[in-house]
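> A structural model of the following input is requested.
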Amino acid sequence: MGNKSVVVENKQQLVDYLASGCKPKSDWRIGTEHEKFAFCTKSLKTLPYEGEKSVRALLENMSQFPEWEPVFEAGNIIALKGNDGSSVTLEPGGQVELSGAPLESIHQTCKEVGTHLEQAKKVAAELDVSFLGLGYQPKWSVDDIPWMPKGRYKIMREYMPKKGTLGLDMMKATCTVQVNLDFASETDMVRKFRTSIALQPIATALWANSPFRNGKPNGLLSFRSHIWTDTDPDRCGTLPFVFEDGFGFEFYVDYMLNVPMYFVYRDGKYIDASGQSFKDFMAGKLPALPGERATIQDWEDHLTTAFPEVRLKKFLEMRGADGGPWNRLCALPAFWVGLLYDDQALDEAEQLVKDWSLADNEYLRERVPYTALNTEFKGQTIGDIAMDVLDIAQGGLKRRGVVNSQGQDESKFLEPLYTIAESGQTQAEIMLKEFETRWKGDIDQVFKDHAY
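A predicted model of the protein is given here:
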């Protein structure tokens, strides 16, 4: 699968592309991504792309560190590329994202996150800029947030409102933390996909951290998670077909072939193909590019335009968590690695969810953004289930036995999650209480108390 300019002649090539992600356990890695809001420390406004205090200035100054190479689009710096496979990229509203390198342990992940945040904070301090770790922009409306100059975002922003009412909120005003994990075989992928899509609401509950919108409580604990339910039904959701008999790589390919396209990338430019069909593209009949045939690179791009709760590429992406404070950025990979990278833990997690129906999955997907750990389910609460899930993850990490220089294994990164599950209080509920009491209804305080 090395040559991405290979023309796609048939569906089997697309299936083979996904299957080429299969790896022996010894080669499994952990790739962690997190987004954060950058804001002007004095005005609290989100940063524009241009200007003295800007996203461009942030990236330009960060590119001075020896490990980062600047990436340009149409003359604008839009990302930084690391020599280890990591990158710093921009979301549509200027959210700054670290896409981490594929690493072997959560200890390495935490070191990577720490190094990145130290660099980012050093550069930000010189510009009088700060970062905020929340799931949704608490103060500014979508109209107040400037767009970043990336071609694919222009296409998406014009298409999104045709499909749902919250797509632009998703693009400009949300932040997440997610982890990308490997699989050994098609069977292993299927087990991990089913288990993680069922358990995604548990992560949404534990990480719930987006209770404010336009300066006031928004009535939810994870507004970010709720946004995805009204973004675009063609490309979001809990993917019921994952639980059908015979599910595998080909099923997912069929799903993606029915997801309408956004764009084609050619010669450094994004060509608007929104709403058009990848099947037509394979046949050389794409209205946006008549006569052109899809390549493997086009398929790779197309796979990034679906946003289900778990996404399949050559690895699985866990997509259910709000962005949050520093310690919870390391907790997310620990949670999922503990559940999915240990055979016994995966068995136990499968057992836990085996009687959950598609209707159960849908109920949790819809309710958890509102009530998080207090969501009632099968005679108990999601908080009770979260404790069981954390115990499974802890067992998995202890059996992995990957220790740091102090002899601590990776289960130490679950500690902030145990605190949340034991107290029953999510970060969102803690902030809502602060808003009512200490902050006296002034949302500006969140930028002081919860900045990195």
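
> and for C110, nearest residue in space, chain neighbours not counted?
Distance criterion CB to CB, 6 or more residues apart in numbering; nearest residue to C110, sequence neighbours excluded, is C330 at 4.1 Å. C-beta: built from backbone N, CA, C; applies to glycine.

> surely that neighbour touches E112?
No - proximity of C330 to E112 does not meet the contact threshold set by CB atoms under 8 Å, at 9.4 Å.

> please enumerate the strands of the stretch 1-150 of the chain.
For the stretch 1-150 of the chain, strands defined by DSSP state E, counting those that start in this stretch occupy the ranges 30-40, 68-73, 76-82, 87-90, 96-99, 129-132.

> could I get those as JSON lines with mean neighbour count, mean pLDDT and distance to N214?
Shown next, in JSON lines, are these (neighbours: other CB atoms under 10 Å; pLDDT from 0 to 100; distance: least, CB to CB, whole Å):
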{"stretch": "strand 30-40", "mean neighbour count": "24", "mean pLDDT": "98", "distance to N214": "15"}
{"stretch": "strand 68-73", "mean neighbour count": "15", "mean pLDDT": "97", "distance to N214": "31"}
{"stretch": "strand 76-82", "mean neighbour count": "19", "mean pLDDT": "98", "distance to N214": "28"}
{"stretch": "strand 87-90", "mean neighbour count": "21", "mean pLDDT": "98", "distance to N214": "23"}
{"stretch": "strand 96-99", "mean neighbour count": "22", "mean pLDDT": "98", "distance to N214": "22"}
{"stretch": "strand 129-132", "mean neighbour count": "22", "mean pLDDT": "98", "distance to N214": "16"}
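
> a markdown table for the ones you listed, including distance to L221?
Shown next, in a markdown table, are the strands of the stretch 1-150 of the chain (distance: least, CB to CB, whole Å):
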| stretch | distance to L221 |
| --- | --- |
| strand 30-40 | 18 |
| strand 68-73 | 36 |
| strand 76-82 | 32 |
| strand 87-90 | 27 |
| strand 96-99 | 23 |
| strand 129-132 | 17 |
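
> among those, which is nearest E376?
strand 30-40 (30.6 Å; CB to CB).

> can you spell out which helices and strands pack onto that closest one?
strand 96-99, helix 106-127, strand 129-132, strand 177-181, helix 326-340 (3 or more CB pairs under 8 Å, 6 or more residues apart in numbering; DSSP states H and E).

> ranking these by burial, who's on top?
Each of those was scored by mean neighbour count; the highest is helix 326-340, a mean of 26, by mean count of other CB atoms under 10 Å.

> pLDDT on that helix, on average?
For helix 326-340, mean pLDDT is 96.

> show me what that helix is packed against.
Using 3+ CB pairs under 8 Å, 6+ apart: helix 326-340 touches strand 30-40, helix 106-127, strand 177-181, helix 186-206, helix 343-353, helix 382-400, helix 415-423.

> what sits up against the longest one?
What that stands for is helix 106-127. Defining contact as CB atoms under 8 Å, 6 or more residues apart in numbering, one finds that helix 106-127 is touched by 30, 32, 34, 38, 52-53, 57-58, 61-62, 65, 86, 88, 96, 98, 100-101, 103, 130-131, 326, 329-330, 333-334, 337, 397, 402, 404, 410, 413, 452.

> pLDDT on it, on average?
The model assigns helix 106-127 a mean pLDDT of 97.

> so it versus helix 326-340, what angle?
160 degrees (axes from the mean of the first three to the mean of the last three CA atoms, to 10 degrees).

> next up, the contacts around the closest residue to E69 other than its chain neighbours.
Leaving aside its sequence neighbours, E69 sits nearest to K81 (CB to CB, 6+ apart; 4.7 Å). For K81, the contacting residues are 68-71, 87, by CB under 8 Å, 6+ apart.

> which two among the residues you listed are spaced furthest apart?
By the measure CB to CB, the contacts of K81 have their two most distant members at P70 and S87, which lie 11.0 Å apart.
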